[in-house]
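K.L.:
The following block contains a protein sequence and its predicted model.
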Amino acid sequence: MMLNTERTAGVVIFVALAGTVLAGAETRQQLHFKVGRKASVSINNQYGPISVKAGANKEVVVTTVLHSDKVEIDQSHRGNRVDIVSHLFSGADQTSGQVDYEVTVPADANVTLTSMTGPLHAEKLQGDVVMEGNTANVDVRDVNDAHVHVKTLNGPVTLTDIRDGHVEITSLSGDVFLISVNGPLVQVNSSSGKISYSGDFGDGGEYVLTSHSGDIDAIAPSYASIDVTARSVQGQVENDFPLEPKHTAFPIKAGSAFAGTVGKAASSVKLFSFSGKIHLKKR
Amino acid sequence: MNCEEFELALPDVDDDPTIEQQSHLNSCSACAELVADLDAISQQAKLLGSSDEPSPRVWNFIEIALRQEGLIREQRSEPFLVPRRPPRRRLEWLIPVAAMLLLMLGIVQYKRTSGPVASRTSNAEMASTSQIADAAYIADDQQLLEVVSRRTPAMLASYKANLQDVNSYIRDAEESVKMDPNDEQARRDLMNAYEQRSMVYEMALDRSLQ
């Protein structure tokens, strides 16, 4: 037992020392760019997180931590456009090629973030947000009156407090969570990931949540004003709302489809799945 | 002749290959399969009549893919002091092109099933198109996965699983459209599925090329 404890202690010390050496190899950089209104900021980081927040007007500040000398930062600033790319050298991998980004941009900047591993995070912005990642965890919050477009393969996507948004999400197997998201268009297209919506569906938008095999859960308050159509070809559907019947282009089969209106039916809500379960719940 | 030499000569291999090329085709199943796949894609492409001309967006996709592969680039005005070595032709450029052709095939199939004309399309014709598309998908996916395994091996399992998912989505959506060509949701599902497949290819190649 004592031997094991000593060995464990040895391993801990070794890991700590190795960590210190690795930390020593890290390089911190800060880049400043002067920009005007509605600047375009694009960051492409193969491995590592990117976090973007609203900061000072007319300035983009990019703080990076490079995890080794196998990666460098390429930058380009032309007019109102800032492009940053993590440039990997030969032999760089997910560990040595990692760069951590913390970025502040003017609130009205349009931001495009790309990372294979992520995570990707953006908050308190009023410009368009485009995010693309393979396994990257995507988190967008507090965005007003803007386009939010997300594409992921496996990474989960969480959107919180998006107001008056034009939201388009395509995800293959990553789960998608929409919390207090509303706007003229909210569209999610998923293959096997789950889709979860929690909000009031706004007052005049079009909400289309589609999955192949993933389940779809939508939770709305009793005062929601919606015109809803839900259908699962091979899965089950469930509805907690008392619906006013309406005409549909397809036959309503109990248990696999429902359609109707609630309140003034201000927003159109379409929930479609091939084999996933659909549940419209009352909050 | 080895596979690499055959690949370099591939654009010149037509219906009448040289003895050397034919000999290699007879002995190499991988190259023979490749030529068969290209023939299948070429045949399908011929079926795309002028009335089924894809949107400019599709051509843009193809142009972007070719540009990313470096097969087409902006004209340079400055003279070259040193003659540039011609880039080595690799087979990877075929993947985005094939993917785009398949996307076009999907769009054409979508168009054919989206109006009253759909009812005139026989089930046998649809099944045949689907089978050709399935075979082409498998070959394309295999090539894409080879590229991913070479460039970003850590992502191989993920791409494999996602391709299976999306192919299953396409098959289910195609079945639904076949069962009821007027089902708007089924048609939308089919487009969604094709878009997802296109996205997987776009991401795989984009990441791999960096």
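P.N.:
Cool, the structure landed.

K.L.:
Looking at strand pairing, list the partners for the closest residue in space to residue A:271 that isn't next to it in sequence.
P.N.:
Of all residues not flanking residue A:271 in the chain, residue A:230 sits nearest, at 4.1 Å (C-beta to C-beta, 6 or more residues apart in numbering or on different chains). Where you see a C-beta, it was placed from the backbone N, CA and C, and this is true even at glycine. As for beta bridges, residue A:230 partners with residue A:258, residue A:271 under DSSP bridges.

K.L.:
for residue A:230, what are its contacts?
P.N.:
A:216, A:237, A:239, A:257-259, A:270-272, A:278, A:280 (C-beta atoms under 8 Å, 6 or more residues apart in numbering or on different chains).

K.L.:
cool, and residue A:119?
P.N.:
Residue A:119 neighbours (C-beta under 8 Å, 6+ apart): A:49-50, A:136-139, A:155.

K.L.:
And the pLDDT at the spatially closest residue to it that is not a sequence neighbour?
P.N.:
Distance criterion C-beta to C-beta, 6+ apart; nearest residue to residue A:119, sequence neighbours excluded, is residue A:137 at 3.9 Å. Note on residue A:137: pLDDT of 93.

K.L.:
What of residue B:166?
P.N.:
86.

K.L.:
Show me chain B divided up by domain.
P.N.:
Chain B resolves into domains spanning B:3-44, B:56-208 when parsed by automatic domain parsing.

K.L.:
Where among those domains is average confidence lowest?
P.N.:
Taking the mean pLDDT of the domains of chain B, domain B:56-208 comes last: a mean of 68.

K.L.:
And residue B:165, how far from residue A:86?
P.N.:
In this view, residue B:165 and residue A:86 are 29 Å apart by C-beta to C-beta, to the nearest Å.

K.L.:
tell me the SS of the closest residue to chain A within chain B?
P.N.:
Ranking the residues of chain B by distance to chain A (C-beta to the nearest C-beta) places residue B:169 first, at 4.1 Å. Secondary structure state of residue B:169, per DSSP: H, G, I helix; E, B strand; the rest coil, is helix.

K.L.:
Now do the contacts for it.
P.N.:
With contact taken as C-beta under 8 Å, 6+ apart, residue B:169 is in contact with A:191, A:212-213, A:274, B:189, B:192-193, B:196.

K.L.:
What about those residues, which are in helices?
P.N.:
Per DSSP state H, helices hold the following members of the contacts of residue B:169: B:189, B:192-193, B:196.

K.L.:
now those residues in a markdown table, with distance to chain A and neighbour count?
P.N.:
Shown next, in a markdown table, are those (distance: C-beta to the nearest C-beta, whole Å; neighbours: other C-beta atoms under 10 Å in any protein chain shown):
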| residue | distance to chain A | neighbour count |
| --- | --- | --- |
| B:189 | 7 | 26 |
| B:192 | 5 | 24 |
| B:193 | 7 | 26 |
| B:196 | 6 | 25 |
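
K.L.:
Relative to residue B:3, which of those residues is nearest.
P.N.:
Ranked by distance to residue B:3 (C-beta to C-beta), these are led by residue B:196 at 32.1 Å.

K.L.:
The residue in chain A that chain B sits nearest to - how many residues pack around it?
P.N.:
When scored by C-beta to the nearest C-beta, chain A has residue A:212 as its residue closest to chain B, at 4.1 Å. When neighbours are defined as other C-beta atoms under 10 Å in any protein chain shown, residue A:212 has 27 of them.

K.L.:
pLDDT score for it?
P.N.:
At residue A:212, pLDDT is 91.

K.L.:
Please tell me I have it right and it contacts residue A:194.
P.N.:
No: using C-beta atoms under 8 Å, residue A:212 is not in contact with residue A:194, being 11.5 Å away.

K.L.:
Would you mind grabbing the residues shared as contacts by these two?
P.N.:
With C-beta under 8 Å, 6+ apart, residue A:212 and residue A:194 have common neighbours residue A:276.

K.L.:
doesn't residue B:146 fall inside a strand?
P.N.:
No: using three-state DSSP, the secondary structure at residue B:146 is helix, not a strand.

K.L.:
returning to what we had before: neighbour-wise, which of the contacts of residue A:230 leads?
P.N.:
Neighbour counts for the contacts of residue A:230 peak at residue A:271, which has 28 neighbours (criterion: other C-beta under 10 Å).

K.L.:
With adjacent residues omitted, what lies nearest to residue 160?
P.N.:
Answering for chain A, as no chain was given. Closest residue to residue A:160 apart from its sequence neighbours, by C-beta to C-beta, 6+ apart: residue A:141 at 4.1 Å.

K.L.:
You answered for a different chain; I wanted chain B.
P.N.:
The spatially closest residue to residue B:160, leaving aside those adjacent along the chain, is residue B:145, at 6.1 Å (C-beta to C-beta, 6+ apart).
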